[in-house]
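Engineer: Have a look; sequence and predicted model below, questions after that.
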Amino acid sequence: MAKDQNKSKSRMPGSVISRRQFIKLATVTATAGAAPWSSARIFAAQPARKRVVIHGERQVTSLGYHNRRETEHVSMVDAGLVGQNPVTLERVPVLAEELPSVKRGTWKIDMQKKTMMTVYKLRPNLRWHDGKPYTSKDFEFGWQIAKHPEFPMPDRLVPDLISQIETPDDRTIVIYWNDLYNEAYAIQYTHVRAFPRHLLLDAFSAGDMKAFANLPFWNKNFVGAGPYRVAEWDAGTRLELEAFNDFALGRPKIERMTYKTVEDTNTNLAAVLAGEADLCMRSTVSFDGAMILREQWEKAGKGKVLISPASWTWLSLSRDNTIFSDVRVRRALLHAIDREAMVQNIFRGEKVVSDLPLSRVRKSYKKALAASTVYKYDPERAKILLAEAGWKSGPDGVLTNAKGERMEFEFRVTAERRDHEQAQAIIADYWKRIGVRTNIKNMPNRLLNSADNRNRWPGAYIGSHNVTVEEWQERFHTKNIPTAENKYAPENVSGWNDSKKDAVLDELNSIVSPARSEQLQIEFCKMFSAALPHLPLNYSPEVLVVKKGLTGITPRQESGGQNSSSWNTHQWDKV
Amino acid sequence: MLLYVTRRLLQLVPLLLVISALIFGLLYAMPGDPLYRMLQDIPHLRPEDYERLRKLYGFDDPVYVQYWKWLWQLLLLNPGYSREYGQPVFDIIWPALKNTLILTLLAVAIGKTIAILLGIFSAVRQYSVGDYLMTGMTFIAYSIPAFWLGLMLIIVFSVKLGWLPTSGLNSPEVVPGSWEASIDWIKHLVLPVAVLAISEIIQVQRFMRSSMLEVLRQDYLTTARAKGLSEGMVVGRHALKNALIPVVTIIAVTMPRVVGGSTVVETVFAYPGMGRLLYTSIMGNDYVVAMTVVMIIAVTVVAFNLLADIVYGWLDPRIRYQS
């Protein structure tokens, strides 16, 4: 009786359930409602026989042409006519049957008129992820999108070089070029790519390019022709991919891939140690983290830590500061740095000292190095060179010249780059020993790239960039020196101004034979080492962490838009 | 009361307008090129491309025009598209808000409840071993940064013990819709909720203790004890309500975090919530998203301040609102 009374007490007035039952029910309902269930996820996360979990530091924002996009993501879901092996740097046909060639008559060059024509033949029976046929018309449509003046495509170099595209049949693409372009035989998705006309033509024809650029097609509903199709996109934090049966180079061996964005490098390190991540993409685990993994994880046979010298770190002396205008000063400052010891200290045994802006995997590398001046650590030589340039030790030990100028300048690096900060401290100390005083003033990336600072600094700056030969034109040509007129946008930050070097770069950027290209590369490196527009420091190691059992991963040997470690995901396997 | 609330609500309009202008001005004044992140890996970029993009994204408009465009769109509850994701801003914010609400409400509910109970215990058992222990632990916890605590918990519970996942919202191999998925989801919440709850506990426990101590010394409680009421009745029925008044202020002040999330904790645990979204949108110069998130937090701050004032009246009969 008493129990019954208690029960009725706990029952809410007018209710058929007790308060306790109500709380239980509400909890269950809230849990069910809040739990991340949806029909899309049910589709996306079916248990698969072979699944790979990839951790990456960069968010998946766009898979299309515009906004911030990441080649590692796009390589998984889309493909171009041609791809690039990031180890051998060889161009390989992907959606095209073969590369156009002069011999076969599929690449015609008119050197006098400076025009070209390339013919690409698509592989038979190509399909989009939605099963619709992939045709030459789709490629032409992709070019039209890239060319549209109101479409926010950032890099229009290649689309603008194309004057016309003809599509005589569904598999043939005839491209007419309005200038010479040495990569015309290997058009990759980063240059121009096809987009599905059947899905986008109406929106494109409507003319509202703002609405067109913001279509969910570009990430959430992306339809490509790559090895994997997008099953789910979680506002940049997660990308769920499913193997595409009709991929041109064969069905991928791994059925599902999950790309997870984890910005914190320590969390990524923990995820590897906990066995949650099969692959950590570049920059996802720090170099120090990689060393921990080598000790604790690789030695235990749990996987591989792959470190490749992918990009190039240099020290640049301000193009506007007159104390650096004498090449002897630049040479002295490089002689004063023991780069071997510095690199040993920062990168713990990874031999990554660089003397040239050229990757060690390039065929021309050895000859270029032999032809170039190498600046060994030699503080005495540094002092002699500085004395020859008119710099003598002042009363406080700091060098001064006849004009009364002191060898004292600001030294900047990006505040978030730990390896750059370490190098900065070491270099400042080496320079101090020869009478050069530096004032350290580091800034976060966004401040360095503000209108006030972009691509210029008053003293010294340590930076990194891609080491690819294909980008030399942008990095070193006189026409690309940043100025107020061009809003400091171009990338020849050293201000290297030399017509002979420009002639080499121009020829290298035109149509030349591989042998001639090699000669030009050697010539350029020789000029570089003599002029020292940048003081070469080291190749920056890129870390890739691969769990045991995952095969086929090839770490890229050069950074740059066309090189990605995910270029061959269809060949990856998990055993 | 109704008149008072109406008057306060009307006062919020100019206040929110000033806040919106301040937020816009601060984000606009932030150093950095809004296009930088988009263009950082594109060496072929020509000056004309740069100018074209600035124009297309409206960055060449005067600041007041940009502000007005943004404010008008926000008033229409359509703040436009995220430049990073190319998606409507609210489509990006809602899932993050839902995730943050789950995380922070759980942390606040667990943390504040434990804090209030510990505060009462410390006050009632003042200068006992338990009180000293609690005080000591609170100070230790107070001096531990959240990111470090998060990493330590990951190392212990994920790496060493393997009980809990390191990050994210769910495991890819779990079939959604199943009980396994619910358990997996709860497992993903345990560590971030624990870190946030600990920070809630250390904030409120000390306040609750001192507030309760003050109330316990009041004459009306001596009277209650003299009337023969048990200590439990004295504390639970008569002291607690009054002791909670200053704590309500603290809770109201911390409530915006429920909506804003915790950038540090969400980043360490790769939890797709509002804090992480705010961080990535600021770093990515995705101003429309960043400004909308900050405005939502601002609205929450003023709303909870109003709510706290109303709750005072309910908790303390001496407070009366005059119109």
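Structural biologist: Happy to help now that I have it.
Engineer: how about low-confidence regions in the chain?
Structural biologist: If you meant another chain, say so; for now it's chain A. Residues of chain A meeting the criterion pLDDT under 70: A:1-48, A:561.
Engineer: was after chain B, sorry
Structural biologist: Where chain B drops to pLDDT under 70, the residues are B:36-45, B:315-323.
Engineer: Scan it for its longest helix.
Structural biologist: Longest helix of chain B, by residue count under DSSP state H: helix B:179-216.
Engineer: Now find how far off-centre that helix is within its chain.
Structural biologist: Centroid displacement of helix B:179-216 relative to its chain, using C-alpha atoms, centre = their mean, to the nearest Å, is 13 Å.
Engineer: Count the residues that sit near residue 90.
Structural biologist: Answering for chain A, as no chain was given. The burial count assigned to residue A:90 is 10, neighbours taken as other C-beta atoms under 10 Å in any protein chain shown. Using the backbone N, CA and C atoms, a C-beta is placed for each residue, glycine as well.
Engineer: That was the other one, I meant chain B.
Structural biologist: Residue B:90, neighbours per other C-beta under 10 Å, totals 16.
Engineer: With residue A:130 instead?
Structural biologist: Residues near residue A:130, counting by other C-beta under 10 Å: 12.
Engineer: how about the longest helix of chain B: buried residues?
Structural biologist: For helix B:179-216, a neighbour-count test (16 or more other C-beta atoms under 10 Å in any protein chain shown) marks B:181-182, B:184-185, B:187-189, B:191-213, B:215-216 as buried.
Engineer: Quickly check: it near chain A or not.
Structural biologist: Yes - contact of helix B:179-216 with chain A (C-beta under 8 Å from any C-beta of the partner chain) involves B:181, B:182, B:185, B:186.
Engineer: Distance of the second one relative to residue A:415?
Structural biologist: Read that as residue B:182. 43 Å (C-beta to C-beta, to the nearest Å).
Engineer: Repeat that for residue A:357.
Structural biologist: 25 Å.
Engineer: Could you do residue A:430 as well?
Structural biologist: Taken as C-beta to C-beta, the span from residue A:430 to residue A:415 is 21 Å.
Engineer: State the helix or strand in which whatever residue of the stretch 1-150 of chain B ends up closest to chain A lies.
Structural biologist: Nearest to chain A, among the residues of the stretch 1-150 of chain B, is residue B:32, at 3.3 Å (C-beta to the nearest C-beta). Using DSSP states H and E, residue B:32 sits in no helix or strand.
Engineer: The closest residue to residue A:440 other than its chain neighbours: neighbouring residues, count only.
Structural biologist: Excluding the flanking residues, the one nearest residue A:440 by C-beta to C-beta, 6 or more residues apart in numbering or on different chains is residue A:411, at 5.2 Å. Neighbours of residue A:411 under the rule other C-beta under 10 Å: 23.
Engineer: ok so, going back, between residue A:357 and residue A:415, which has more neighbouring residues?
Structural biologist: residue A:357 (24 against 15).
Engineer: residue contacts, that one?
Structural biologist: A:312, A:314, A:467, A:472, A:475, A:476, A:525, A:528, A:534, A:536 (C-beta atoms under 8 Å, 6 or more residues apart in numbering or on different chains).
Engineer: Counting neighbours, what do you get for the second one?
Structural biologist: Around residue A:314 sit 21 other residues, with neighbours defined as other C-beta under 10 Å.
Engineer: That one is in what secondary structure piece?
Structural biologist: Going by DSSP H and E, residue A:314 is part of strand A:303-317.
Engineer: Can you show me the helices along the stretch 101-250 of chain B?
Structural biologist: B:129-142, B:146-153, B:179-216, B:219-226, B:231-233, B:240-254 (DSSP state H, counting those that start in this stretch).
Engineer: Spatially nearest residue to the residue of the stretch 1-150 of chain B closest to chain A (excluding sequence neighbours)?
Structural biologist: According to C-beta to C-beta, 6+ apart, the nearest residue to residue B:32 is residue A:446 (3.3 Å).
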